[in-house]
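Chemist: give me a model of this one.
(one chain, ligands or ions: 1)
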Amino acid sequence: MLSPFPLGRPARMAVMASGRGTNLEALLEAFSPQNPWGEVVLVLSDNPEAYALKRASRRGVEAVAIPWRGRKAFEREALDLLRARGVDLVLLAGFMRLLSPGFVEPWYGRLLNIHPSLLPDYPGLHVHRRVLEAGERETGSTVHFVDQGMDTGPIVLQGRVPVLPGDTPETLERRVLFLEHRLYPRAVRLVLSGMAFPPGEGLKALLGEAWPRFQGLSPREKPLYLRAAVLLSVWGLGGHPALRQELSELPEEVRLKAEEVLRRVESSP
Ligand code: GRF
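Modeler: Now for the predicted structure:
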């Protein structure tokens, strides 16, 4: 199976955050109980002082601190809680710990992170300072599936903002955060609708001869290619207007490749 989504019912989501939680706030706002795609039902933190926990409580969402006493103990408790609450999708939002393979593997494809750079550029910490020092003219944010590396997994969606003359790490951070608060809910909707998924063995079988070409795409082209392929196969080029708009924004080269995949899929027995 390419993706466990769409589920056919509203998803139950957990957010893990270590600090102030502005991205959490945006997710709580977007995925309230009325949202047909899903609801944030649990907020987890490794830091009992995290403001994120207060934001959750204020909205009546269960907020749990699991104080950090080492990775093993934290992960065991967190995994038990996620299971007990019937969580379908976990969203890291300013969660400052690296998760072990024992956590990441069973959740692969159902665990997302947001990182304030155009990955694969600038993984890790102090991103805005490093972007300014390098003299970049553009930066952004990336939502990606979490794998075993640090800020490395397959990309779901990216957004871009300019770096302006006179920017400081603080002004840049504010511009990127503003973008993130729209980007993360959008990426979550793509995942919940089955439009974005990590390329795995199932995909290899589906793409057949197109697989090596797909592998040759850059990390930024891959999600566009996949999304275009799904869009094309589900809706066709003359489909739903909003989806058609999204498709028309894809780089021409990627769209053409996606059409090729579709033709292949359609002509396969
Ligand atoms: C965001 O910039 C996010 O990309 C990164 O940590 C920051 C968290 O900010 N992973 P907030 O706690 O959501 O305000």
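
Chemist: E180 and N23 touch, don't they?
Modeler: Yes. Contact status for E180 versus N23: in contact at 5.7 Å, counting by C-beta atoms under 8 Å. For glycine as for every other residue, the C-beta is placed from the backbone atoms N, C-alpha and C.

Chemist: start to end distance for stretch 130-147?
Modeler: Length of stretch 130-147, first residue to last, C-alpha to C-alpha, to the nearest Å: 24 Å.

Chemist: got the buried residues for it?
Modeler: Neighbour-count burial for stretch 130-147 flags 130-132, 136, 139-147 (criterion: 16 or more other C-beta atoms under 10 Å).

Chemist: around the ligand, which positions in the stretch 1-150 of the chain sit nearby?
Modeler: By C-beta under 6 Å from any ligand atom, the residues of the stretch 1-150 of the chain that approach the ligand are 17, 19-24, 93-94, 114-116, 141.

Chemist: quick check: phi and psi on E77?
Modeler: With angles defined as degrees, to the nearest 10, E77 sits at phi -60, psi -40.

Chemist: so how far is M16 from the spatially closest residue to it that is not a sequence neighbour?
Modeler: Among residues not flanking E77 along the chain, I66 sits closest, at 4.9 Å (C-beta to C-beta, 6 or more residues apart in numbering). Using C-beta to C-beta, to the nearest Å, I66 is found at 10 Å from M16.

Chemist: tell me the residue of the stretch 101-250 of the chain that sits nearest the ligand?
Modeler: Nearest residue of the stretch 101-250 of the chain to the ligand (C-beta to the nearest ligand atom) works out as P116 at 3.9 Å.

Chemist: surely that residue meets L183?
Modeler: No. With contacts defined as C-beta under 8 Å, P116 does not count as touching L183, sitting 10.3 Å away.

Chemist: ranges for the helices of the stretch 51-200 of the chain?
Modeler: Taking DSSP state H, counting those that start in this stretch as the criterion, the stretch 51-200 of the chain carries its helices at 51-58, 71-84, 101-107, 127-133, 169-192.

Chemist: tell me where the model's unsure across this structure.
Modeler: Residue ranges of the chain with pLDDT under 70: 1-2, 206-207, 209-210, 231-255, 257-269.
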